[in-house]
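*Asks:* For reference, the sequence and a predicted model appear below.
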Amino acid sequence: MTDIFIEGGRTLVSSELAETSLAVSGTDIAQIDAARGRPRLAIDARDLLVLPGIVDLHGDAFERQMMPRAGVDFPIDVALDDTDRQVISNGITTVFHATTWSWEPGLRSGDNARRLLEAIERQRPHFAADTRFHLRHETYNLDAEAEIGQWLAEGRVDLFAFNDHMDGVVADISNPRKRNRMVERTGVSGEDFDKLVAHIVSRAAEVPASIARLAATARAAEVRMLSHDDATPAMRRNFRAMGVRLAEFPINEETAREAADHGDAIVYGAPNVVRGGSHTGWTKASDMIAKGLCTVLASDYYYPAPLLAAFRLAADGVLPLTEAWKLISSAPAEAAGLTDRGTLAAGRRADILLVDDSMPLRPRLVAVIAAGKLVHLTDATRLAGIAATPRETIVAA
């Protein structure tokens with residue numbers, strides 16, 4: 001018996017939207033263009049789009065659930081449960097929690113990274129979204145190298161990124177507002193923060209060798225790697241030589257073009273598309289997309305952004321929706337090495353969204369199916385029928 005039957009939606013099959021029905025059995029899609037039969041659950045998808053679930057390679061908005069105000073902490077398990085509800089209600093069925101392990105104490109400390117990894121591993125079976133660990137390693141965090149190498153070797157890291165925000169930290173120390181924000185995040189005094197930064201900067205000569213060692217460990221463990229905020233083509237070439245094939249937020253067109261010319265995945269933030277530009281004043285993502293210099297969009301700091309960005313690109317004439325959707329489904333799945341999702345086809349994982357697109361810039365998510373389970377529904381009138389599940393017969397001894 002089919003578990004779920006999705007009837008009559010405009011379904012994204014390959015690169016085309018086709019009016020068809022879809023059958024789900026277990027965790028997978030059983031058939032496209034299926035006959036109804038007697039499903040346990042049928043959903044009327046007429047007038048709706050039926051799309052693959054969103055794959056989000058980089059999202060750190062969960063930090064707001066952990067620390068909604070500076071210095072105000074909530075338990076990690078509570079924060080992650082709330083985050084799971086947020087990502088699913090925004091159509092994200094595979095989420096990589098981008099966890100920064102910095103040289104800083106506080107929110108981005110080693111203790112927090114450990115707690116997050118352990119909580120994700122512990123709670124993963126209970127999440128509706130397929131929840132994975134994306135470790136963002138601040139390259140000046142030299143004392144963490146051995147432990148991170150062990151995590152990589154043990155297969156506990158799903159994506160591994162090299163971050164270097166030290167130039168920005170040094171520049172921001174002279175700005176009282178930015179400095180105060182950094183100090184608040186760490187929970188130490190201003191004087192202690194200045195001393196810490198001076199100590200970390202003094203070890204700059206050790207950073208390149210540490211990057212090379214960790215990249216070699218990640219390659220051996222077959223963990224996909226990203227480099228964050230590449231500033232020059234030479235920087236991108238250097239990381240590519242170490243097997244880092246995902247360029248995350250290259251800060252100018254020439255660096256993005258270096259990545260594109262060599263087949264690297266290029267990640268930009270979906271909020272950049274939705275807002276019409278970067279909040280940092282750097283590269284405009286929609287321009288990069290129009291030039292073929294962006295292959296993946298990520299939620300970055302705002303979980304509603306991928307869904308909204310795909311429809312914004314279509315409304316603005318940058319890409320047709322069928323192509324825009326690849327930026328948040330099949331392309332990130334491919335970049336992460338997830339061959340079982342990102343498209344709607346028989347045998348693929350049943351991560352499926354039903355979307356009301358009657359207001360082009362404000363798509364409304366009607367239902368989410370994740371790994372074959374209906375996990376989100378906003379319109380119960382779409383449930384077309386439920387077949388009773390036979391109960392076990394209990395025989396008295």
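*Replies:* Noted; the coordinates are in hand.
*Asks:* Okay, now the unreliable bits of the stretch 1-150 of the chain?
*Replies:* Along the stretch 1-150 of the chain, segments meeting pLDDT under 70 span 1-2.
*Asks:* Helices of that one, residue ranges please.
*Replies:* 62-66, 76-89, 110-123, 145-153 (DSSP state H, counting those that start in this stretch).
*Asks:* Redo those as JSON lines? Include distance to Leu17.
*Replies:* No exception for glycine: its C-beta is placed from N, CA and C like everyone else's. Converted to JSON lines, these look like this (distance: least, Cβ to Cβ, whole Å):
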{"stretch": "helix 62-66", "distance to Leu17": "33"}
{"stretch": "helix 76-89", "distance to Leu17": "24"}
{"stretch": "helix 110-123", "distance to Leu17": "35"}
{"stretch": "helix 145-153", "distance to Leu17": "41"}
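*Asks:* Now these in a markdown table, please, with extra columns for distance to Trp101 and mean neighbour count.
*Replies:* Rendered in a markdown table, the data for these read as follows (distance: least, Cβ to Cβ, whole Å; neighbours: other Cβ atoms under 10 Å):
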| stretch | distance to Trp101 | mean neighbour count |
| --- | --- | --- |
| helix 62-66 | 13 | 20 |
| helix 76-89 | 15 | 19 |
| helix 110-123 | 4 | 16 |
| helix 145-153 | 7 | 17 |
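*Asks:* Out of the ones you listed, which is closest to Asp33?
*Replies:* helix 76-89 (27.1 Å; Cβ to Cβ).
*Asks:* Which strands or helices does that closest one pack on?
*Replies:* With contacts taken as 3 or more Cβ pairs under 8 Å, 6 or more residues apart in numbering; DSSP states H and E, helix 76-89 sits against helix 62-66, strand 92-101, helix 110-123, strand 364-370, strand 373-377.
*Asks:* name the helices or strands packed onto the second one?
*Replies:* If I follow you right, that is strand 92-101. strand 54-59, helix 76-89, helix 110-123, strand 130-138, strand 159-163.
*Asks:* Show me what it pairs with in its sheet, parallel or antiparallel.
*Replies:* In the sheet, strand 92-101 lines up against strand 54-59 (parallel), strand 130-138 (parallel) (DSSP bridges).
*Asks:* for the last one, same thing?
*Replies:* Each strand pairing with strand 373-377, determined using DSSP bridges, is listed with its direction: strand 364-370 (antiparallel).
*Asks:* buried ones in the partner strand?
*Replies:* For strand 364-370, burial by neighbour count (16 or more other Cβ atoms under 10 Å) applies to Leu365, Val366, Ala367, Val368, Ile369, Ala370.
*Asks:* Show residues contacting it.
*Replies:* 4, 6, 24, 43, 48, 53, 88-91, 93, 128-130, 307, 350-356, 358, 374-379, 382 (Cβ atoms under 8 Å, 6 or more residues apart in numbering).
*Asks:* try it again with 7 Å
*Replies:* Outside strand 364-370, the residues that touch it by Cβ atoms under 7 Å, 6 or more residues apart in numbering are 4, 24, 43, 48, 53, 88-89, 91, 93, 128-129, 307, 350-356, 374-379, 382.
*Asks:* what do you get for stretch 79-88?
*Replies:* Counting by Cβ under 7 Å, 6+ apart, 62, 65-66, 95, 119-120, 123, 127-129, 131, 303, 368, 370, 375-376 sit against stretch 79-88.
*Asks:* residue boundaries of the helices in the stretch 201-350 of the chain?
*Replies:* Going by DSSP H, counting those that start in this stretch, the stretch 201-350 of the chain shows helices at 207-220, 233-241, 253-261, 270-275, 285-290, 305-315, 321-326, 330-335.
*Asks:* just for the stretch 201-350 of the chain, where's the confidence low?
*Replies:* 279-280.
*Asks:* hang on, isn't Thr94 packed against Arg341?
*Replies:* Yes. The pair Thr94 and Arg341 qualifies as a contact (Cβ atoms under 7 Å) at a distance of 6.4 Å.
*Asks:* about what we covered before: farthest-separated two in the contacts of stretch 79-88?
*Replies:* Once Cβ to Cβ is applied, the contacts of stretch 79-88 give Met66 and Val368 as the farthest pair, at 23.9 Å.
*Asks:* Overlap in contacts, Thr94 and Arg341.
*Replies:* Counting by Cβ under 7 Å, 6+ apart, the residues touching both Thr94 and Arg341 are Gly53, Val55, Asp351.
*Asks:* Spit out the contact partners of the last one.
*Replies:* Right, the one you point to is Asp351. Listed by Cβ under 7 Å, 6+ apart, the contact set of Asp351 reads Pro52, Gly53, Thr93, Thr94, Arg341, Ile369, Ala370, Ala371.
*Asks:* hmm, try it at 6 Å
*Replies:* Gly53, Thr93, Arg341, Ala370 (Cβ atoms under 6 Å, 6 or more residues apart in numbering).
*Asks:* burial count for the second one?
*Replies:* Per other Cβ atoms under 10 Å, the neighbour tally for Thr93 reads 27.
*Asks:* separation between it and Ala231?
*Replies:* For Thr93, the distance to Ala231 equals 33 Å [Cβ to Cβ, to the nearest Å].
*Asks:* swap in the first one?
*Replies:* When Cβ to Cβ is the yardstick, Gly53 and Ala231 sit 33 Å from each other.
*Asks:* Give me the more crowded residue out of these two.
*Replies:* Taking other Cβ under 10 Å, Gly53 and Ala231 do not tie; Gly53 has more neighbours (27 against 13).
*Asks:* bridging residues for the residue most central in space within the chain?
*Replies:* When Cα atoms, centre = their mean is applied to the chain, the residue found nearest the centroid is Asp56 (2.2 Å). Following DSSP bridges, Asp56 is listed with bridge partners Val95.
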